[in-house]
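[1] fold the following.
(chains A, B, C, D, E, F, G and H, ligands or ions: 10)
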Amino acid sequence: MHEEIAVAGFGGQGVLFVGRLLAEASLLEGREVVWMPSYGAEKRGGTVWCNVTISDEKIGDLFITRPTAAIAMNPASLVKLEPAMKSGGLLVVNQSLVPSKVSREDIRVVYVPANDLATELGDDSVGNLVTLGALVTGCPVVSTSSIIAVMDNLLPKNQRRLEINKRALSKGCAWTQGN
Amino acid sequence: MHEEIAVAGFGGQGVLFVGRLLAEASLLEGREVVWMPSYGAEKRGGTVWCNVTISDEKIGDLFITRPTAAIAMNPASLVKLEPAMKSGGLLVVNQSLVPSKVSREDIRVVYVPANDLATELGDDSVGNLVTLGALVTGCPVVSTSSIIAVMDNLLPKNQRRLEINKRALSKGCAWTQGN
Amino acid sequence: MTKFSISELDTVLYHRPESLEDYPFHFCPGCGHGIVFRLIAEIVDELNIKERAVCVACVGCSVNSYHYFNFDGLESAHGRAPAVATAIKRCHPHLVPFTYQGDGDLAAIGTAEIVHACARGENITTIFVNNAVYGMTGGQMAPTTLVGMYSTSTPGGRKPSLSGYPIRVCEMLSTLDGTAYVARVSVHNPAAVRKTKQAIKLAFRTQLANLGMSLVEVLSPCPVNWRLEPVKALEWLVKHMLPQYPLGEFKVIEAVAALKKGDRLCTKK
Amino acid sequence: MTKFSISELDTVLYHRPESLEDYPFHFCPGCGHGIVFRLIAEIVDELNIKERAVCVACVGCSVNSYHYFNFDGLESAHGRAPAVATAIKRCHPHLVPFTYQGDGDLAAIGTAEIVHACARGENITTIFVNNAVYGMTGGQMAPTTLVGMYSTSTPGGRKPSLSGYPIRVCEMLSTLDGTAYVARVSVHNPAAVRKTKQAIKLAFRTQLANLGMSLVEVLSPCPVNWRLEPVKALEWLVKHMLPQYPLGEFKVIEAVAALKKGDRLCTKK
Amino acid sequence: MSKKTLMAGNIAIAEGAILAGCQAYFGYPITPQNEILEHMSKRMPEEGRVFVQTESELAAINMVYGAAAAGCRAMTSTSSPGFSLEQEGISYMSGAELPGVIVNVMRGGPGLGNIGGAQGDYFQSAKGGGHGDYRVINLAPASVQEMMDLTMLAFELADKYRNPVVVLADGFLGQAMEPVVMREPVTELPSKPWAITGALGRAKNIINSFEMDPVNFPPRVKLLLRKFKKMRRNEVRYEGLNLGDASLVIVAYGSASRSALTAMKMARQEGIPVGLLRPITLFPFPYEALSNLAQRINDFLVAELSSGQFIEDVKLAVGLDKRVALVNQYGGVPLLAEEILEAIEKMIKQPVGG
Amino acid sequence: MSKKTLMAGNIAIAEGAILAGCQAYFGYPITPQNEILEHMSKRMPEEGRVFVQTESELAAINMVYGAAAAGCRAMTSTSSPGFSLEQEGISYMSGAELPGVIVNVMRGGPGLGNIGGAQGDYFQSAKGGGHGDYRVINLAPASVQEMMDLTMLAFELADKYRNPVVVLADGFLGQAMEPVVMREPVTELPSKPWAITGALGRAKNIINSFEMDPVNFPPRVKLLLRKFKKMRRNEVRYEGLNLGDASLVIVAYGSASRSALTAMKMARQEGIPVGLLRPITLFPFPYEALSNLAQRINDFLVAELSSGQFIEDVKLAVGLDKRVALVNQYGGVPLLAEEILEAIEKMIKQPVGG
Amino acid sequence: MVVAQRPNLAYVIIDTERCKGCRLCISVCPKKIIGLASHINQMGYTPAVVIEEKAHECTGCTACAIMCPDTVISVYRCDRVPSKPAS
Amino acid sequence: MVVAQRPNLAYVIIDTERCKGCRLCISVCPKKIIGLASHINQMGYTPAVVIEEKAHECTGCTACAIMCPDTVISVYRCDRVPSKPAS
Ligand SMILES: Cc1ncc(C[n+]2csc(CCOP(=O)(O)OP(=O)(O)O)c2C)c(N)n1
Ligand SMILES: Cc1ncc(C[n+]2csc(CCOP(=O)(O)OP(=O)(O)O)c2C)c(N)n1
Ligand code: SF4
Ligand code: SF4
Ligand code: SF4
Ligand code: SF4
Ligand code: SF4
Ligand code: SF4
Ligand SMILES: [Mg+2]
Ligand SMILES: [Mg+2]
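    Ligands and ions are numbered 1, 2, ... in the order given. Below is the predicted model:
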């Protein structure tokens, strides 16, 4: 197994956290993993991305160029991600903020109104978890149970946060399953 | 012609100035010349030296190791200079401050009570000029007239200083001639 | 209720100054830097020195200053803006260089350079933006961080026993004979911003009159690194920074006072 | 009229302190550094801290400090002695590091380091020898060179328009909250030397009592570079340096004042 | 398998230092290594050790100097412009024979550059950016695990040789997270009778790098040179991969070697027998390993995140009659595996005389 | 013969700068180059030009940066420890494409070292002691006349390439006096439309070395690299002596080359056909000249006042199959002709395989 | 780009695409004329907008513009309507 | 090395080989007891010496020692002569 996943969006959308969850879950599953963030002098409002490489072998390159799976949280991300996707890859698009459609036909696309679904859950900040659910359901790079285990680990003190995150995650899973 | 001259003494004894006069006079006589001072964190009281290389050809090494002529203004200098002298070279020793005698027999030595002669002239600071006179008379690397021309050039504003310097110089010349 | 287009007949009460490029700031929402930049641009416009002004940028969130102003500008290494400005002024005395420096830049790594520009009485102007934090690098303690204040490098709040005391820059620099005008202002509300503008303007006029070093310290919010909403950040500034950093003029040499007096007479009209 | 050998029965009124190595100073005749070195050694003897004292030398004529003292010592890069001393004290709080710095070292290249050691309130002591000149490098202008004063880099005398104004270090540093004791003294005559010793001793006691940064500025002659005979140099110091650099205590926090008071009570006996 | 923790490279450096018994950390913020300073600001006081956020990199390196002189394991971390400011201090440390660890998480340069990862400080770090005849051991990690391990090694080597040691990483590695096996903490630190600890029950100690009389200085330098020779003999470290059957060897270190690893795999999938030699120490440089390789291999491809600095040492090792090609990026952007693969293909295709 | 003046090397540098139209000098005292600063403190105001004694070398290099940005010919001078402190600024200057002359009158190091002459800053200066991918032209005078001439050339080249240029001298040359032919003053300075002179009648000018977004920075570095390539093509300078019949060539620069000259003469008197190749530019290094020589000469003797730095470039030029021996001193003492002669004799005697 | 207001004696124009939604303008307007929009702009911020029902109360005091860190507010007086509004 | 003085209530000893002849001691001695020697020492300086005729006037005030930059002066009181000299 060798997956290269990209997550991108506005600062503040929880992009890095999604990547982190993917990475930790992979580690839990005994895989090699690299998590690489974008970092910059850019302040909030700039575009933020990260990439996660998950593999059964020792990982070389820290960067990825052709994602096998990706999440586009905002319009700017989609513009960058669409042409980069590896043929056959899965692209999750946050429909709440991205009005446009993907034109490539050699990749799989899941449109998920992540922010709207999050708002339905009563916390519009968990859109990122919704897209993560959508991603791992469409392309099982890690199991949702690993992700949940990781969250239990990372957010032990905040039971409420944990709960809403889990619900957002399964909402995302359900969305992909239902589509 | 290729001469390598060393001048050494206490700080404040005018060692560098003697070297400078030799160098300027050589230049006046159309020769190649290098003047190299000692410089150091040492303050007044330390030993100061300089070396002057005079040649008809382009000069290589900035330093000299085997002086063909030298002036020892104080005891410490003599200790260093005596063993270094080139065989057949001329060593001028300031007898006023250096009680000891040179033991090497393959070099020429002129003992000159420079400070005493200077005091006789009414200015005990011109001992250096006395030794210079002694040197160039014993080993004519430059002519005294060149030295005088240089002094006229370097100290034009100070007629009194100039005068006493010249007298000290010729006193030194006379001393060597008389010995 | 219908859209309309602005008639040229309308009087402009406030408009983006000409000396500001039509180029968005990269600052975070509610950052005080934007306010100060704008004021400088307004003053350059008002003093009509766009052709002589030189922005000497520092390294910090204002690193890009020269991109925002519509006149000559240049980068300087972290902390060294006063040295760069010194050279520019000495080489071209007709230019009006000013440094724009953060508190990390000026009061930490650049301490020697600002102290000596002041001691030499360089005829330059320094706009010193004190936001009590290293903004650009992510909110570490600055020399101006308050005692007890959280930062990413004082996880339990600044403890003097470990990290020392905040430096009051104006108080320190006004002990130097080369300073002509030293003042501390703030941007916590519109009235304060207006005063800030007056002070910065006087600083520039000090330079224009060849009176020596002029420096204006501006207390300014960094909402992101203070971890406060912008509006709360201003409240925090008033509550916590003003007591430690009292506003006012710390050095006004006579000739500058005369300039100021002239001002007041003028504005009376 | 006959030679005699000193009996051990004779009372020593003055003797070379034990903390001074039996090693001649390399200073020029009449240099003030020698006096200050000796005082420090006397104080280390008197406070009985030879086993804890650490001399942090600077670069300047006192570069060799550690060779003269009979206790631990080390070199620091030009201007950085306060940083070096900070680290030593933080690592070994029981040690008593002091920096010995010239005015070029402390007030020029090392400005940032001394300001920040003071701002941090490091528990160290600085002996700052102000001779108004860069001694070691041959008499160039220092930040403390007086207006009008000749130096090898101000051939016509220091002109403020070209070279700025002298820095009054004590005045500047006492604005910083981390300083506990800041004083300026001089060595122009025996009485002044005695006061200098008191001040330096108090500075060390400030450190021993963990009260924060202590700094003593000593006005000191550099006869060679002032181009004056040693005795004339002291006269020049009195006439020209004292007016620009008034002697006195610039910062004595309460706890230090208490130490001092204790002193007075003690010495009354 | 021991338990692994997902950790950013910068944090691994900080934790590595703590495990190695680092007693004092001094630093000034600079991206992309702020996490080290921030982490240390929390961890060092927790451990009862010294943390000082300094007024500058000058102060930081000179505090490391002071702490090292006081016999403590001490460290600072910075990135390229800050590293430049530390060169004087590093020269002093080497001259005064003081151990100490300097971490440089390189970014794009020259000048203010940008905060991307780069390897443009190669000359500065591996040859010596300060004045005078000194050298420092350079350890170049290529994974987060090595960020930790080589930081620990850095402290060992610094003490072993009484010389500063540089951990030369880059911004990409600093920011990347990878699984890390935590190491055992070092519990016994070497004794340092030469240190400044107060002249109690012993003669006074002096630490300096100065001689008033020039003739006294060369013997001190000679002592240093002897140490550097010993480093060259004993401390060369590198990793070789697939060298046995290789007809072309990529030479790369740090994060460039990671892309090289991928490129090597890709090339081998295409049937090109490519090997990888990854120097772990840049000084001492694995000249011998490379010149041995050059006995039978003719093509060397140097992959670096700089404009042709590292390649000079490779050339010095393999000689002028080998083909040594360069594939690189610089200024803060990564070198991708695909670019290296392309360079491999190009090199393979080119006739040897060409 | 034109009239000659006896002049110290340091003064020749100062006067050379003035002749070259240097408009601004900034400096901080340090032995053995104080005479430059002191001379400039007198001469620059006399000429109505800018002189500032700065608070440090950091301030000095950044003032040079500022003055250069303002379109003026600007210079600073220092010695080794001060040169270390200037590395960040030099990197900035190169990154911002600013001309400017930095004189380094080297002394013994590392650390505080001593004030004797040395060449221990070779790597630092010729390779680049600052961060990032930049290079600076290094001019290495070997006589007082060249102290003047190369300082003048330094200003020309700095402006030609908009890059800092280093005059790399040493303390011995700085202090030595030799006869000098005064040069004609430069009267026409190049125009600099890019300079910071006030946006009067033109669009605003910006000087920087920064890009917020990393991807925008490599193209800037690429522009620099192109310049460095041009320097390598156009600016290599060296002097060859007695190369025609030589069987052994001494390679040396600066004051070491002076002793080498004497040694060469002495060797020839003994009948050993020795030649001398003296690089005048250290960057760009005369690789080609040396590798051409290596076509027919097998023995190279490198004479340097450092511990084996300069020799690396010689090896890079002549390859691994030549004999390249080292004779050197370091730490502030001179290398004497006799020591070089001895090394020549030793090399000649040694069998080639040995 | 421009969210225009009803012509009045004084009015402000906010360049909402450059607004970063910091709310400083909102906090200082004595007449509470400015509020947040219900959409986010291209930069991802919820911009400030003039509350249309209140726009007529604008006094042209420029407090909002003076505080705006992004200089996205302009303030005008409409000289075409010489009469003062009823206060 | 040691230039000894007549035993007295107080007396000073000057290490003339280390004296640099700066004359500070001379300038501060209230009794004008110290003067310059007529020889130069190994360092090339004319050292300070006690003027023998005046030595007995020494009060032991230590002013000379306190000012001596080279710490070459020691001051003693000769307790073997308990009576005070006539002042
Ligand atoms: C030599 C050097 N050290 C460190 C940095 C990293 N750095 C960039 S900005 C900055 C501090 C900025 O803080 P401040 O000056 O307060 O400006 P602000 O961002 O708060 O406006 C630092 C430390 C650098 N660029 N160069
Ligand atoms: C980085 C650096 N710059 C410059 C010097 C040269 N230097 C040595 S001592 C000194 C100044 C000494 O002056 P001061 O500190 O006043 O001490 P003083 O000699 O007067 O006692 C200077 C500039 C140096 N050693 N290192
Ligand atoms: S980090 Fe702070 S100072 Fe920097 S732009 Fe953001 S709010 Fe402003
Ligand atoms: S130069 Fe001045 S400060 Fe230095 S030793 Fe001589 S007199 Fe003292
Ligand atoms: S100008 Fe004054 S009243 Fe009008 S919107 Fe702005 S703050 Fe409110
Ligand atoms: S102050 Fe400016 S940036 Fe902030 S919300 Fe108001 S209009 Fe927007
Ligand atoms: S102790 Fe006093 S009286 Fe005696 S020699 Fe010294 S200064 Fe003179
Ligand atoms: S003060 Fe000391 S050094 Fe000076 S003359 Fe007197 S004894 Fe000699
Ligand atoms: Mg700040
Ligand atoms: Mg001084």
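[2] residue of the stretch 151-300 of chain E with the smallest distance to chain F?
    Closest contact between the stretch 151-300 of chain E and chain F, by Cβ to the nearest Cβ, is at residue E:209 (2.6 Å). For the C-beta atoms, the positions are set from N, CA and C on the backbone; glycine is no exception.
[3] one more: chain G?
    Taking Cβ to the nearest Cβ as the measure, the point where chain G comes nearest chain F is residue G:43, at 15.3 Å.
[4] surely that residue is in contact with residue G:20?
    Yes: assessed by Cβ atoms under 8 Å, residue G:43 is found in contact with residue G:20 at 7.0 Å.
[5] between these two, who's got more neighbours?
    Neighbour totals were compared for residue G:43 and residue G:20, and residue G:20 leads with 29 against 21 (other Cβ atoms under 10 Å in any protein chain shown).
[6] that older thread, tell me the pLDDT of the closest residue to the residue of the stretch 151-300 of chain E closest to chain F other than its chain neighbours.
    Excluding its sequence neighbours, the residue lying closest to residue E:209 (Cβ to Cβ, 6 or more residues apart in numbering or on different chains) is residue F:111, at 2.6 Å. Looking at residue F:111, its pLDDT reads 98.
[7] for residue F:111, what are its contacts?
    Contacts for residue F:111 (Cβ atoms under 8 Å, 6 or more residues apart in numbering or on different chains) come out as D:75, E:91-96, E:132, E:134, E:208-210, F:81.
[8] just to be sure, it is in a strand?
    No: going by DSSP: H, G, I helix; E, B strand; the rest coil, the assignment for residue F:111 is coil, not a strand.
[9] what bridges to the residue in the stretch 251-354 of chain E positioned nearest to ligand 10?
    The nearest approach of the stretch 251-354 of chain E to ligand 10 comes at residue E:283, 38.3 Å away (Cβ to the ion). Per DSSP bridges, the residues bridged to residue E:283 are residue E:138.
[10] for it, give its distance to chain B.
    Distance from residue E:283 to chain B, counting by Cβ to the nearest Cβ, to the nearest Å: 32 Å.
[11] which residues of chain G lie near ligand 5?
    Residues of chain G lying close to ligand 5 (Cβ under 6 Å from any ligand atom) are G:10, G:12, G:28-31, G:33-34, G:58-64, G:75.
[12] determine which two of those residues are furthest apart.
    Maximum pairwise distance in the residues of chain G next to ligand 5, criterion Cβ to Cβ, is 15.2 Å, between G:10 and G:28.
[13] show me where chain G has helices.
    Secondary structure of chain G (DSSP state H): helices located at G:24-28, G:63-67.
[14] ok, chain C next?
    C:32-47, C:65-68, C:81-91, C:103-104, C:111-120, C:160-163, C:169-173, C:190-208, C:223-226, C:230-236, C:242-244, C:254-268.
[15] can you pull the pLDDT of the closest residue to residue C:194 other than its chain neighbours?
    Leaving aside its sequence neighbours, residue C:194 sits nearest to residue G:66 (Cβ to Cβ, 6+ apart; 7.0 Å). pLDDT for residue G:66: 98.
[16] how many residues are close by residue G:66?
    26.
[17] and what of the one 10 residues further on?
    Other residues near residue G:76 number 24, with proximity taken as other Cβ under 10 Å.
[18] for the closest residue to it other than its chain neighbours, list the residues it contacts.
    Leaving aside its sequence neighbours, residue G:76 sits nearest to residue C:10 (Cβ to Cβ, 6+ apart; 4.4 Å). Counting by Cβ under 8 Å, 6+ apart, residue C:10 touches G:76, G:77, G:78, G:79, G:80.
[19] try 7 Å
    By Cβ atoms under 7 Å, 6 or more residues apart in numbering or on different chains, the contact set of residue C:10 is G:76, G:77, G:78, G:79.
[20] residue C:131 too?
    C:32, C:102, C:103, C:220, C:221, C:222.
[21] just those now: which is nearest residue F:11?
    Among these, and counting by Cβ to Cβ, the member closest to residue F:11 is residue C:102, at 42.4 Å.
[22] and the helices of chain C as TSV, adding distance to residue F:5, mean pLDDT and mean neighbour count?
    Shown next, in TSV, are the helices of chain C (distance: least, Cβ to Cβ, whole Å; pLDDT from 0 to 100; neighbours: other Cβ atoms under 10 Å in any protein chain shown):
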stretch	distance to residue F:5	mean pLDDT	mean neighbour count
helix C:32-47	50	98	24
helix C:65-68	46	96	24
helix C:81-91	30	98	30
helix C:103-104	50	98	30
helix C:111-120	34	98	29
helix C:160-163	58	97	17
helix C:169-173	46	98	24
helix C:190-208	43	98	21
helix C:223-226	61	96	23
helix C:230-236	67	98	20
helix C:242-244	62	98	13
helix C:254-268	47	78	12
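[23] for ligand 4, which of the ones you listed is the nearest?
    Ligand 4 lies closest, by Cβ to the nearest ligand atom, to one member of the helices of chain C: helix C:111-120, at 21.6 Å.
[24] quick check, that closest one touching chain D?
    Yes: Helix C:111-120 is in contact with chain D by Cβ under 7 Å from any Cβ of the partner chain, via C:111, C:112, C:115, C:116, C:119, C:120.
[25] grab the nearest non-local neighbour of the second one.
    Excluding the flanking residues, the one nearest residue C:112 by Cβ to Cβ, 6+ apart is residue D:111, at 3.7 Å.
[26] surely that neighbour touches residue C:113?
    No: the criterion here is Cβ atoms under 7 Å, and residue D:111 misses it with residue C:113 at 8.5 Å.
[27] okay, now the unreliable bits of chain A?
    For chain A, residues meeting the criterion pLDDT under 70 lie at A:40-45.
[28] look up which helix or strand the residue nearest the centre of it falls in, please.
    The centre of chain A sits closest to residue A:132, judged by Cα atoms, centre = their mean, with a distance of 4.2 Å. Secondary structure assignment for residue A:132, by DSSP states H and E: helix A:127-138.
[29] does that helix reach chain G?
    No: Helix A:127-138 lies out of reach of chain G by Cβ under 7 Å from any Cβ, never closer than 12.2 Å.
[30] pull out the buried positions in the helix or strand following that helix.
    Scanning forward in sequence from helix A:127-138 by DSSP H and E, the next helix or strand is helix A:144-154. Neighbour-count burial for helix A:144-154, counted by 16 or more other Cβ atoms under 10 Å in any protein chain shown, picks out A:144, A:146, A:147, A:148, A:150, A:151.
[31] export those residues to a markdown table and tack on distance to ligand 7?
    A markdown table is the format used below for the buried residues of helix A:144-154 (distance: Cβ to the nearest ligand atom, whole Å):
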| residue | distance to ligand 7 |
| --- | --- |
| A:144 | 93 |
| A:146 | 88 |
| A:147 | 88 |
| A:148 | 89 |
| A:150 | 83 |
| A:151 | 84 |
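[32] ok, residue 84 - contacts?
    No chain was given, so I picked chain A. Here residue A:84 is in contact with A:65, A:66, A:67 (criterion: Cβ under 7 Å, 6+ apart).
[33] actually, chain C is the one I wanted.
    For residue C:84, the contact set (Cβ under 7 Å, 6+ apart) comprises C:56, C:74, C:76, F:62, F:65, F:66.
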